[in-house]
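Undergrad: Need a 3D model of the sequence below.
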Amino acid sequence: MDARFTDEQDEIRRALRELLHKRCGTEDVRAAVDRAEGYDPGLWTALGEQLGLPGLALPEAYGGAGCTRTEVALAA
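TA: Model (predicted):
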């Protein structure tokens with residue numbers, strides 16, 4: 001059994017790490033918690049629109065990425 005990440009899995013990890021590193025510093029998190037919403041809507045928009053996280057597990061036939069549970073777990 002080969003337990004190494006695929007290129008696609010590595011790309012998911014890299015993209016998430018990069019976005020979260022830019023948007024989730026200590027001050028960013030504090031500011032998000034202090035918002036009326038209690039979170040950063042811009043971050044959630046980026047996770048959804050730029051990275052397509054909500055569609056990872058959806059089949060491609062329905063507009064998703066068709067990823068496996070492994071990719072969804074990496075994103076989580």
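
Undergrad: Name the residues of stretch 32-41 that are buried.
TA: 32, 40 (16 or more other C-beta atoms under 10 Å). (Glycine included, C-beta is placed from N, CA and C.)

Undergrad: So what's the residue count around Ala65?
TA: 19 (other C-beta atoms under 10 Å).

Undergrad: three-state assignment of it?
TA: Classification of Ala65 using DSSP: H, G, I helix; E, B strand; the rest coil returns coil.

Undergrad: With adjacent residues omitted, what lies nearest to it?
TA: In space, and not counting its chain neighbours, Ala65 is closest to Leu56: 5.0 Å by C-beta to C-beta, 6 or more residues apart in numbering.

Undergrad: Quick check, pLDDT for that neighbour.
TA: Leu56 carries a pLDDT value of 93.

Undergrad: List the contacts of it.
TA: 12, 64-65, 67, 71-72, 75 (C-beta atoms under 8 Å, 6 or more residues apart in numbering).

Undergrad: pLDDT below threshold where in this structure?
TA: Along the chain, segments meeting pLDDT under 70 are nowhere present.

Undergrad: farthest-separated two in the contacts of Leu56?
TA: Maximum pairwise distance among the contacts of Leu56 (C-beta to C-beta): 13.8 Å, between Ile12 and Gly64.

Undergrad: buried ones in stretch 15-28?
TA: Within stretch 15-28, the residues that qualify as buried are 15-16, counting by 16+ other C-beta under 10 Å.

Undergrad: picking that back up, look up how far Ala3 lies from the residue nearest to Ala65.
TA: 20 Å (C-beta to C-beta, to the nearest Å).

Undergrad: List every C-alpha atom in the lengthiest helix in the chain, with coordinates, as CSV.
TA: Ranked by residue count and defined by DSSP state H, the top helix of the chain is helix 7-23. The C-alpha trace of helix 7-23 is given here as CSV (Å, rounded to 0.1, in the frame of the first residue of the first chain):
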residue,chain,number,x,y,z
ASP,A,7,-0.2,15.5,-6.6
GLU,A,8,-3.9,16.6,-6.3
GLN,A,9,-3.8,15.9,-2.5
ASP,A,10,-0.6,17.9,-2.2
GLU,A,11,-2.1,20.8,-4.1
ILE,A,12,-5.2,20.8,-1.7
ARG,A,13,-2.8,20.9,1.3
ARG,A,14,-0.6,23.6,-0.3
ALA,A,15,-3.5,25.8,-1.3
LEU,A,16,-5.2,25.6,2.1
ARG,A,17,-2.0,26.1,4.0
GLU,A,18,-1.2,29.2,1.9
LEU,A,19,-4.6,30.8,2.3
LEU,A,20,-4.9,30.1,6.0
HIS,A,21,-1.4,31.4,6.6
LYS,A,22,-2.3,34.6,4.9
ARG,A,23,-5.7,35.0,6.5
